[in-house]
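Participant: What follows is a protein structure lacking sequence information:
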């Protein structure tokens, strides 16, 4: 398996150790003689998985005591709706920096009034807007820390006069973040956290319970918190896999180490994009993502040849999103620098 | 692993072959050299998994062409809400036969008017009501085919004057069902279908689009249908595991064979419950479930001794639900008759 350089945008590469631990859990879970696929979620072995996953995430991200951690099904797209269900009373304020941010806006509108404080849609989401004012009368401000499709990333977060909510699906655990600045953080697991099928929600309890609408149980964060993230059967195996991945992050050095690795990978690739006359980046330099590097060939007629070259080098998953075209190299936590070197070598040789 | 007799109520036992196929997919998925945990859900290999899962389920259940098959996250509990979101305009009619049916009622009330046509709550859900009228002015009639917690099962379905919706989470694929009688069937996978983390929805498209409310995207069956069950990242691995399980069902003889096995297991255990003076069943005989057999000791003071006896025989998961007490032996598709024999032997020896 080591021969494939997996740049998939998500679901995406996982460390070999994590995959091995998943196999072990599927064959014999916690010494039960059963597979993790066939045990009760209310058994003590799985409850201990949930608790350890919460504790490890708390430690890795420095999550303060006032926050609860939930593992929900349905994906980050369900959070677009749940955030508004639980928080939107007068107005939700949104920063529109890409397709997922736009979807968050769209779903919130089903619940009430939404103000888009700034948008980069005018330039095909190729930058992160910076001069905007978050209205003090909004219930919350929602932003997307990293835009997977376009390859832009918020390098810093604003000082928000209202509760800040962030979709960190594609860069969680890749850099230090001050969790205390946020009221709610959510992330689909399938990039830096684990496989698809579970979404992590980190929420400060005191922001809840303030809207007047009746909230259906499955949409209600308080219900999930009261049932210790087991209101109904949770996605057992995806949570188990997230734990294996968090343990790996911790073992290799935590978020600090992930941040160093992300910078090293991104610098290597962006340097090549900037210095190789055949390519150009598509995102404003100061807003470039360390997770997803998007670039195009200056001469589109070379595409076929270039595609053949990276495929021959065992590279997988760098075709751009179907809505943008070009190329996108996703470099999540588990991607070894050797894979980026392989891509850079292909680009260099292609120029020669 | 073969030494544990797994009677878990769900997530529950899976065939050894399915577990082996899951391990293989995690180690090298469809010859990609990658794990099924780290591939794009939009890659051709995974799209073909989704299509094969749909086709195999269609074949196994005899699902007519007019129906669509979706694989959604969030669990059957999310379907309680989605059903009402998509179908409830004037009134939803519900048959209340257990905790899950009651939860379906509760969530539907967030969307509008609900009529409970009959309930067995008066006798702790120990029977299935039979004399009831489904109002012809309801938008739909909702029932629960098998009540996991109490161990009751609808032996037949009523002729409904309105669209019939059924939660088949705990007995799908265990018996022949005429799908054409239903407008919508849903089932959390974690009993007869596969591991936790995905819910199967089988829906006749023409029942949709008739309510006046605006439906948020993730709640909207039509959105999921239009995107071929990939509106957002689906629970990739749980779907993959469901396919392995459907292939196993097909290989061993399909739903007919599952039905025979279920009857053999249930007859063996209920005979012992009825003939052994130490035990008694808790459900009206004609409504007993072939999936979950609930029983109690006539003399509660023997519990500790009996618990020690079945544990010593390698039996796992027969403690009753925390809301009912007593015992519950869940006998899903993958449970070998030998496991039921082991339990029956323990009961017999305990009487001696």
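Facilitator: Ah, there it is. Quantities reported herein were computed from a predicted structural model and do not represent experimental measurements. Residues are numbered from 1 along each chain as shown, chains lettered A, B, ... in the order given.
Participant: touching chain B at all, stretch A:229-243?
Facilitator: Yes: counting by Cβ under 8 Å from any Cβ of the partner chain, contacts between stretch A:229-243 and chain B involve A:231-238, A:241. C-beta: built from backbone N, CA, C; applies to glycine.
Participant: So which of those sit within strands?
Facilitator: Nothing among the residues of stretch A:229-243 next to chain B maps onto strands, per DSSP state E.
Participant: hey, where'd the strands end up in the stretch 51-200 of chain A?
Facilitator: Assigned by DSSP state E, counting those that start in this stretch, the strands in the stretch 51-200 of chain A fall at A:67-72, A:92-96, A:114-119, A:140-144, A:146-147, A:152-153, A:163-167, A:184-188, A:199-204.
Participant: most packed of the ones you listed?
Facilitator: Of these, the one with the most neighbours on average (mean count of other Cβ atoms under 10 Å in any protein chain shown) is strand A:146-147, at a mean of 28.
Participant: Partner strands of that one and their direction?
Facilitator: Applying DSSP bridges, strand A:146-147 is found paired with strand A:152-153 (antiparallel).
Participant: where does the stretch 1-150 of chain A have low pLDDT?
Facilitator: A:1-2 (pLDDT under 70).
Participant: Spell out which parts of it neighbour chain B.
Facilitator: A:1, A:3-4, A:6, A:8-14, A:19, A:22-23, A:26-28, A:32-35, A:37-41, A:43, A:72-78, A:80-81, A:103, A:106-107, A:110.
Participant: ChimeraX command to pick out the buried ones of these?
Facilitator: In ChimeraX syntax, the buried subset of these is picked out as below (16 or more other Cβ atoms under 10 Å in any protein chain shown):
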select /A:4,6,8,9,10,11,12,13,14,19,22,26,27,32,34,35,37,38,39,40,41,43,72,73,74,75,76,77,78,80,81,103,107,110
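Participant: Out of the residues of the stretch 1-150 of chain A next to chain B, which sit inside helices?
Facilitator: Using DSSP state H, the members of the residues of the stretch 1-150 of chain A next to chain B that fall in helices are A:19, A:22-23, A:26-27, A:76-78, A:80-81, A:103, A:106-107.
Participant: quick one: which of those is nearest to chain B?
Facilitator: residue A:77 (3.9 Å; Cβ to the nearest Cβ).
Participant: Enumerate every residue touching the closest one.
Facilitator: Counting by Cβ atoms under 8 Å, 6 or more residues apart in numbering or on different chains, residue A:77 touches A:103, A:107, B:217-218, B:231-232.
Participant: ok so, going back, kindly write the PyMOL command that selects the buried subset of the residues of stretch A:229-243 next to chain B.
Facilitator: Those of the residues of stretch A:229-243 next to chain B that count as buried under 16+ other Cβ under 10 Å are selected in PyMOL with:
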select buried, chain A and resi 231+232+233+234+235+236+237+238+241
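Participant: now the residues of stretch A:229-243 next to chain B in JSON lines, with pLDDT?
Facilitator: Shown next, in JSON lines, are the residues of stretch A:229-243 next to chain B (pLDDT from 0 to 100):
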{"residue": "A:231", "pLDDT": "96"}
{"residue": "A:232", "pLDDT": "96"}
{"residue": "A:233", "pLDDT": "97"}
{"residue": "A:234", "pLDDT": "98"}
{"residue": "A:235", "pLDDT": "98"}
{"residue": "A:236", "pLDDT": "98"}
{"residue": "A:237", "pLDDT": "98"}
{"residue": "A:238", "pLDDT": "98"}
{"residue": "A:241", "pLDDT": "98"}
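Participant: tell me, how many neighbours does whatever residue of the stretch 251-352 of chain A ends up closest to chain B end up with?
Facilitator: Nearest residue of the stretch 251-352 of chain A to chain B (Cβ to the nearest Cβ) works out as residue A:317 at 6.4 Å. When neighbours are counted by other Cβ atoms under 10 Å in any protein chain shown, residue A:317 registers 21.
Participant: And it, how far from residue A:166?
Facilitator: 26 Å (Cβ to Cβ, to the nearest Å).
Participant: what residues are up against the closest residue to residue A:158 other than its chain neighbours?
Facilitator: If the residues on either side of it in the chain are set aside, residue A:158 comes closest to residue A:134, at 6.5 Å by Cβ to Cβ, 6 or more residues apart in numbering or on different chains. For residue A:134, the contact set (Cβ under 8 Å, 6+ apart) comprises A:93, A:117, A:141, A:158, A:160-162.
Participant: Out of the contacts of residue A:77, which comes closest to residue B:276?
Facilitator: Each of those was checked against residue B:276 using Cβ to Cβ; the closest is residue B:218, at 49.5 Å.
Participant: wait, isn't that closest one in contact with residue A:107?
Facilitator: Yes: proximity of residue B:218 to residue A:107 meets the contact threshold set by Cβ atoms under 8 Å, at 7.2 Å.
Participant: which neighbours do those two share?
Facilitator: Common neighbours of residue B:218 and residue A:107 are listed as A:77, A:80-81 (criterion: Cβ under 8 Å, 6+ apart).
Participant: now those residues in JSON lines, with distance to residue A:300?
Facilitator: Below are those laid out as JSON lines (distance: Cβ to Cβ, whole Å):
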{"residue": "A:77", "distance to residue A:300": "32"}
{"residue": "A:80", "distance to residue A:300": "34"}
{"residue": "A:81", "distance to residue A:300": "39"}
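Participant: Contact partners for the residue of the stretch 251-352 of chain A closest to chain B?
Facilitator: Applying Cβ under 8 Å, 6+ apart, the residues near residue A:317 are A:6-9, A:12, A:330, B:40.
Participant: ok, and the closest non-adjacent residue to it?
Facilitator: residue A:8 is the one closest to residue A:317 (Cβ to Cβ, 6+ apart), at 3.6 Å.
Participant: what sits against the one you found?
Facilitator: A:316-317, A:330, B:38-40, B:43.
Participant: quick one, phi psi at residue A:293?
Facilitator: With angles defined as degrees, to the nearest 10, residue A:293 sits at phi -100, psi 120.
Participant: got the buried residues for stretch A:343-352?
Facilitator: Within stretch A:343-352, the residues that count as buried by 16+ other Cβ under 10 Å are A:343-344, A:346-347, A:350.
Participant: of the residues you listed, closest to residue B:297?
Facilitator: Distance to residue B:297 across the buried residues of stretch A:343-352 (Cβ to Cβ) is lowest for residue A:343, with 66.1 Å.
Participant: Would you mind measuring from that closest one to residue A:174?
Facilitator: Distance from residue A:343 to residue A:174, counting by Cβ to Cβ: 18 Å.
Participant: again, but for residue A:105
Facilitator: Taking Cβ to Cβ, one finds residue A:105 at 25 Å from residue A:174.
Participant: Looking at those two, which one has more neighbours?
Facilitator: residue A:174 (27 against 20).
Participant: Could you report the pLDDT at the residue nearest to the more buried one when sequence neighbours are not counted?
Facilitator: The spatial neighbour of residue A:174 that comes closest, neighbours along the chain excluded (Cβ to Cβ, 6+ apart), is residue A:262 at 4.9 Å. pLDDT for residue A:262: 98.
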